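Engineer: Attaching a predicted model along with its sequence, questions to come.
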Amino acid sequence: MITLAYPWLLLLLPLPLLVRFFWPAHREPRPALQVPFLERLERITGRSAGEGATVLQGVWGRRIILPLGWACVVLALARPQWLEPPVSKQVPMRDLLLAVDLSGSMETQDFTDASGKPVQRLTAVKQVLDDFLANRQGDRVGLIFFGTAPFVQAPFTEDLPVCRQLLSEAQVKMAGPQTAFGDAIGLAITMFDRSDMKDRVLIALTDGNDTSSQVPPAKAAEIAKGKGIVVHTVSVGDPRAAGEQALDVPTLQAVAHETGGIYAAAADRKQLEEIYKKLDALETRTAASVSHRPRRDVYYWPVGIALVAAFLYHAVLLAASFRKPKQVAAVAKGKEVPA
């Protein structure tokens, strides 16, 4: 389908007619024709010599090629465009942030891998989260790792393979041996502040209690609630553990309850997989469909038509010019020439 970017330029089409109507014709004085066989020429042509200026009259070809050329130029200026078939794209409508605890207790080998072999908690968590991320089409996903301090491992992105690769690089204690759970929520709030998505979800996983945060988890949850951020909390490990490795279940429950999220505990890999399946079903993906029709400029079509027409016209004129000397010579010799 053809459309014009500037259709109002088509108003220029009658401009040559207006100029011809209101502007006086060009008159060019020329010297009289001086030939020894003028009488014979008048007899053959049926015309008599006169006086006055000469008004150039275009031949039939010029009367066609000039309007055609002008129409093509105006059409090219109007910028014709070819509308391509509609293209649809799904755009994300939600930001999903995963916060993962990398404190020293995550190296405890009380979880199993997919084959049942004992592995560290972090290894099992990375495998379960990798499967969770693989199904996040339609979400913008980010990663936060936290230990003694939190840091952003991956900003919000739709590039899930890169996000999964960055998750696989997580190592125990790479953010320090302690647990700054409240600071991790605070960093998540900062990341969401830079987002223009309405739906904002944080899934925070830890196996201990907050031991090094500058912002208490309860205060961070209160701020997150005010900004419309839903925080789901997930604990892994033995809830009966004591000391620094003790799970602060009440705090995790309070954070989830304050922000409208859920709290879930996983004592083994199977339970952890069930939790993320539940979160996957709970946080259904919403996406908006954006459709547009690409436009391709085809201004060179009328320009090409004008050039080809001009080339053919001048080719015809050139061919005709080879015949004129023969006709003049025939007139000079008193021979009849075809009209």
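Structural biologist: Structure received. Note that the structure is predicted; figures quoted are calculated from it, not measured.
Engineer: Quickly note the distance from the spatially most central residue of the chain to Glu158.
Structural biologist: Among the residues of the chain, Lys89 comes closest to the average C-alpha position under CA atoms, centre = their mean, at 9.5 Å. Remark: distance between Lys89 and Glu158 (CB to CB, to the nearest Å) = 11 Å. Glycine gets a C-beta too; all of them are placed from N, C-alpha and C.
Engineer: how is the protein carved up into domains?
Structural biologist: Domain assignment for the chain, taken from the TED database, gives 2-29+53-85+295-320, 90-291.
Engineer: tell me which element Gly186 falls in.
Structural biologist: helix 181-193 (DSSP states H and E).
Engineer: now Gln90
Structural biologist: Using DSSP H and E, Gln90 falls within strand 87-92.
Engineer: next one: that strand to chain centre, how far?
Structural biologist: Mean-position distance between strand 87-92 and its chain equals 10 Å (CA atoms, centre = their mean, to the nearest Å).
Engineer: so how many other residues sit close to Val141?
Structural biologist: Using other CB atoms under 10 Å, Val141 is surrounded by 24 other residues.
Engineer: What are the neighbouring residues in contact with Ala309?
Structural biologist: By CB atoms under 8 Å, 6 or more residues apart in numbering, the residues touching Ala309 are 65, 68-69, 72.
Engineer: ok, it to Val162 distance?
Structural biologist: Distance, Ala309 to Val162, using CB to CB: 55 Å.
Engineer: name the helices or strands packed onto the helix or strand following the strand holding Gln90?
Structural biologist: Tracing the chain past strand 87-92, the next element assigned as helix or strand by DSSP H and E is strand 94-101. Helices and strands touching strand 94-101, by 3 or more CB pairs under 8 Å, 6 or more residues apart in numbering; DSSP states H and E, are helix 121-134, strand 140-146, strand 150-157, helix 181-193, strand 199-206.
Engineer: follow-up on the earlier one: now the strand holding Gln90: buried residues?
Structural biologist: Neighbour counts using 16 or more other CB atoms under 10 Å place Pro92 of strand 87-92 among the buried residues.
Engineer: for the record, mean pLDDT for that strand?
Structural biologist: Confidence for strand 87-92, expressed as mean pLDDT, is 73.
Engineer: so what strands line up beside that strand?
Structural biologist: Its sheet considered, strand 87-92 pairs with strand 287-292 (antiparallel) by DSSP bridges.
Engineer: For Phe21, identify the helix or strand it belongs to.
Structural biologist: Applying DSSP H and E, one finds Phe21 within helix 15-22.
Engineer: same deal with Arg62?
Structural biologist: Element membership of Arg62, judged by DSSP H and E, is helix 60-77.
Engineer: Buried residues, that helix. List them.
Structural biologist: Residues of helix 60-77 classed as buried under the neighbour-count rule (16+ other CB under 10 Å) are 65, 68-72, 74-77.
Engineer: model confidence over that helix, on average?
Structural biologist: The pLDDT scores in helix 60-77 average 89.
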